[in-house]
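>>> A structural model of the following input is requested.
(chains A and B)
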Amino acid sequence: MRPSSRRRLRTTLVDLLVWVILIAMLVPALWLVFTSVRNPVEVNAKPPVWIPRELTLDGFKPLFGQSTGATGAIPFDRYFLNSVVVALSSTCIAVALGTLAGYVFARYRFRGKNMLFLGIMLSRAVPGISLSLPLFVLFARLSQSGPIKLIDSPLGLIIVYVAVNVPFTIWLMDGFFREIPAELSEAAQLDGCSEWQTFTRINLPLALPGLAASAIFAFLAAWNEFQIASVLTRTVNSKTAPVGLFDFTGQFTIDWRGMAAMATVMMIPAVAFVLVVQRNLVRGLTFGAVK
Amino acid sequence: MIKPSLVFDEGGQRLAMAQLTQASALTERLSPTRRAKASRFVVAMLAPSVVIVIFVVAFPLIYSLYLSFTSFTLLRPVAAWNDFANYRRLLQDPIFGQAFINTLLFMFVTINAAFLMGLFLSQAIARTIRGQSVLRTMLMVPMMFAPVMIGFQFRWFFNDQVGLVNNVLTSLGVLNGSIPWLVDRWLAMFSIGVATVWMNTPVVAIILLAGTLSISPELYEAADVDGANDWQKFRLITYPLLGPFITIGLTILSLDVARGFDIVSIMTGGGPAHRTELLWTYVPRVAIQDSRFALGAAMSFVTVIVTISFTVYLFRQLLKSRIL
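This next block holds a predicted model:
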């Protein structure tokens, strides 16, 4: 074989391998969606049924107030609403705060800057389990002594998710602001803009793609968070969708189809969010952190 | 106190000046009042983030450090000082030791596996011409999954009775009987590892892909002229230039893997019989189920130190590579 054709063969093989790996990576996602519309007989069938033979939406019934043989109706609307409220408001606040701080980290020099940056980033590395237990005790005390209820309330979760998402937002926004030429800010200041005006009029509009990327990350993290929510929520007043998935587990059995149906619905906002801001996501992750 | 570092001493003046001219020139040419305003601006912009991180992360950590030296429990919430009793008990606890080693091993293996997988995918996708954007979108799918759901999904895949893995192996005729994926210690660790790697590969792959695509094609053309083969091009051009991207990828990985509690707790919950116990599953077991909150607090503190030291190392590297 001539070298060039051998090379072409190898390239084709690598391409094929990539497609195989990526399709294999899709299997869990596809399987989830398929399971949600299957006939219950197919769910655990041997040998496995890959593509559902007949479609049924019965699996979605418990989400909309009807019971099936496997599961009674679950308060999905409440869970979904809690998730939306908590994820959206914590995302907005975290992105706002993180943008302010990220701008300062990108543009100003001050004493202790590196230490502060490292400290804030490390707060994200703290495992949820080490946070949720003391937070539970502290929040319970605050709820006892004051009028603010933080246990089993969306407010408590929002506060926690803001703190959890701020560090990463700072990191991403810091990178995006570094991408904007500092000369623009200098010129604005020479023309008499204050520090705040330089930020809002010159830098902020240019960093909007970065805001989008940060927002996805914060949203996905809050939308999918389970560990802290499982400790801080008790009832339908504050339970979010990931915690609600456990309504499909019994003591010995799991209603796989019902769970898959709920997870499929949960994925819709996440998918929409990611597809909309996909390109900025890649830019945000890389330029953000390198420059 | 945070303020712009514009105060330089006599000896270090020149050096400080040199650094300042390199950095963004936003503040140095300003009058003293303007500088005071700038420093107030810095404090005001940072304050909200710093306050909320202190309130939700730092304060609870310090509180749990304090509780770890007491005999506090959820049923008897009295914080009576008992010195290092919890830490002594923790050192004598064989299950804790096992969980500690399991955690280190688990983090080391999954971080490396996800990294290598991401590196391979990024290199392979970077050279495909047709369908690159389709591949990239496919790559993002695992990112949209809730980790809880990944846990449930893979728990079902690896179920020894009805799971897809055994089911497929049986129908292919490879397997007779069933493999106890989530029961045997090493098989269970492997299964959890697969789920974790599946969840964490995409981010690394995407970062490394972006890094690879940002490398100037002229470098590769020059290498072609010199007759370099693919491996040489990767080792001598791609890999060195990917340096900062690799550090970012590993940093994000270490942050995410260390927060992978959901998957483990759902797939095995640390069981059966503590075989797959990681610090993340053992801490709540001790603190809540055994209602020994203070002992759990001591263990969770050790957990924090383990996971943070992984991240500190990588972050140091990252800080070195940026212009501050």
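>>> report the central residue of chain A.
Nearest residue to the geometric centre of chain A (Cα atoms, centre = their mean): residue A:220, 1.2 Å.
>>> got the contact list for that residue?
By Cβ atoms under 8 Å, 6 or more residues apart in numbering or on different chains, residue A:220 lies in contact with A:270, A:273-274, B:143-144. For glycine as for every other residue, the C-beta is placed from the backbone atoms N, C-alpha and C.
>>> do the same with residue B:93
Residue B:93 sits next to no residue when contact means Cβ under 8 Å, 6+ apart.
>>> and the strand or helix carrying residue B:298, what other elements does it pack with?
Using DSSP states H and E, residue B:298 sits within helix B:293-320. Where contact means 3 or more Cβ pairs under 8 Å, 6 or more residues apart in numbering or on different chains; DSSP states H and E, helix B:293-320 is packed against helix A:113-125, helix A:128-145, helix B:59-67, helix B:85-92, helix B:94-127, helix B:239-257, helix B:279-284.
>>> next one: that helix to chain centre, how far?
Relative to the centre of its chain, helix B:293-320 is centred 11 Å away, using Cα atoms, centre = their mean, to the nearest Å.
>>> same question for stretch A:45-54.
That offset, for stretch A:45-54, works out to 32 Å (Cα atoms, centre = their mean).
>>> and that stretch, is it in reach of chain B?
Yes - against chain B, stretch A:45-54 shows contacts by Cβ under 8 Å from any Cβ of the partner chain at A:46-48.
>>> out of the residues you listed, which end up buried?
With neighbours counted using 16 or more other Cβ atoms under 10 Å in any protein chain shown, these contain these buried positions: residue A:48.
>>> in TSV, list the residues of stretch A:45-54 next to chain B along with secondary structure and pLDDT.
Shown next, in TSV, are these (DSSP: H, G, I helix; E, B strand; the rest coil; pLDDT from 0 to 100):
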residue	secondary structure	pLDDT
A:46	coil	71
A:47	coil	71
A:48	coil	75
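>>> part of a helix, is residue B:288?
Yes - Residue B:288 forms part of a helix when assessed by DSSP: H, G, I helix; E, B strand; the rest coil.
>>> I'd guessed it sits against residue B:296; true?
Yes - counting by Cβ atoms under 8 Å, residue B:288 does reach residue B:296; the two are 7.4 Å apart.
>>> of these two, who's got more company?
Neighbours were counted for residue B:288 and for residue B:296 using other Cβ atoms under 10 Å in any protein chain shown; residue B:296 has more, 30 against 15.
>>> chain neighbours aside, what residue packs nearest to the more buried one?
In space, and not counting its chain neighbours, residue B:296 is closest to residue B:287: 2.5 Å by Cβ to Cβ, 6 or more residues apart in numbering or on different chains.
>>> check residue A:64 too.
residue A:76 (7.2 Å).
>>> quick revisit: quick check: which element contains the residue nearest to the centre of chain A?
Residue A:220 belongs to helix A:208-224, assigned by DSSP H and E.
>>> which parts of that helix are buried?
For helix A:208-224, the neighbour count (16+ other Cβ under 10 Å) marks A:209-224 as buried.
>>> and for stretch A:108-117?
Neighbour-count burial for stretch A:108-117 [16+ other Cβ under 10 Å]: A:108-110, A:113, A:116-117.
>>> for stretch A:13-24, same thing?
Burial within stretch A:13-24, assessed by neighbour count using 16+ other Cβ under 10 Å, is assigned to A:14-15, A:18-19, A:21-22.
>>> give me the subset of the residues you listed that also touch chain B.
Near chain B, by the rule Cβ under 8 Å from any Cβ, you find A:14-15, A:18-19, A:21-22 out of these.
>>> and which of these is nearest residue B:269?
residue A:21 (29.7 Å; Cβ to Cβ).
>>> low-confidence bits of the stretch 51-200 of chain B, can you list those?
The stretch 51-200 of chain B contains no residues with pLDDT under 70.
>>> typo on my end, the stretch 51-200 of chain A
Applying pLDDT under 70 to the stretch 51-200 of chain A flags the ranges A:69-70.
>>> ok, which stretches of it are helices?
A:76-107, A:113-125, A:128-145, A:154-179, A:182-190, A:195-197 (DSSP state H, counting those that start in this stretch).
>>> of all those helices, which one is nearest residue B:85?
Residue B:85 lies closest to helix A:128-145 among the helices of the stretch 51-200 of chain A, at 18.6 Å (Cβ to Cβ).
>>> ok, residue B:269 - contacts?
residue B:281.
>>> contact partners for residue 142?
I went with chain A, as the question did not name one. Taking Cβ under 8 Å, 6+ apart, we find residue A:142 in contact with A:148, A:150.
>>> sorry, I should have been clearer: chain B.
By Cβ under 8 Å, 6+ apart, the residues touching residue B:142 are A:25, A:28-29, B:150, B:198-199, B:201-202.
>>> measure residue A:193 to chain B for me?
Remark: distance between residue A:193 and chain B (Cβ to the nearest Cβ, to the nearest Å) = 11 Å.
>>> which residue is the nearest non-sequential neighbour of residue 215?
Just so you know, I chose chain A. Using Cβ to Cβ, 6+ apart and skipping residues adjacent in sequence, the residue nearest residue A:215 is residue A:95, 5.2 Å away.
>>> my question was about chain B
For residue B:215, ignoring the flanking residues on the chain, the nearest one in space by Cβ to Cβ, 6+ apart is residue B:241 at 5.2 Å.
>>> I'd like to know how many residues surround that neighbour.
15.
>>> dump the residue contacts of it.
Contacts for residue B:241 (Cβ under 8 Å, 6+ apart) come out as B:211, B:215, B:219.
>>> in strands only, show me those.
Using DSSP state E, no member of those falls in strands.
>>> so which of these is the most crowded?
Counting neighbours by other Cβ under 10 Å, residue B:211 comes out on top of these with 23 neighbours.
>>> contact partners for that residue?
Contact analysis of residue B:211 by Cβ under 8 Å, 6+ apart lists A:286, B:122, B:241-242, B:244-246.
>>> in ChimeraX, how would I select the buried members of the residues you listed?
Those of these that count as buried under 16+ other Cβ under 10 Å are selected in ChimeraX with:
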select /A:286 /B:122,242,244,245,246
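>>> about what we covered before: which among the residues of stretch A:45-54 next to chain B gets closest to chain B?
Among these, residue A:47 lies closest to chain B (Cβ to the nearest Cβ), at 3.4 Å.
>>> list the contacts of the residue lying closest to the closest one once chain neighbours are set aside.
Excluding the flanking residues, the one nearest residue A:47 by Cβ to Cβ, 6+ apart is residue B:171, at 3.4 Å. Counting by Cβ under 8 Å, 6+ apart, residue B:171 touches A:46-48.
>>> kindly export the helix holding residue A:220 (C-alpha atoms) in CSV.
Output in CSV follows, covering the C-alpha atoms of helix A:208-224 (Å, rounded to 0.1, in the frame of the first residue of the first chain):
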residue,chain,number,x,y,z
LEU,A,208,-22.4,40.0,27.0
PRO,A,209,-21.4,36.7,25.3
GLY,A,210,-19.5,35.9,28.5
LEU,A,211,-22.6,36.6,30.6
ALA,A,212,-24.5,34.0,28.5
ALA,A,213,-21.8,31.4,29.0
SER,A,214,-21.7,32.0,32.7
ALA,A,215,-25.5,31.9,32.9
ILE,A,216,-25.6,28.4,31.3
PHE,A,217,-23.1,27.0,33.8
ALA,A,218,-24.9,28.5,36.8
PHE,A,219,-28.3,27.4,35.5
LEU,A,220,-27.2,23.8,34.8
ALA,A,221,-25.5,23.5,38.2
ALA,A,222,-28.6,24.9,40.1
TRP,A,223,-31.1,23.0,37.9
ASN,A,224,-29.4,19.6,38.5
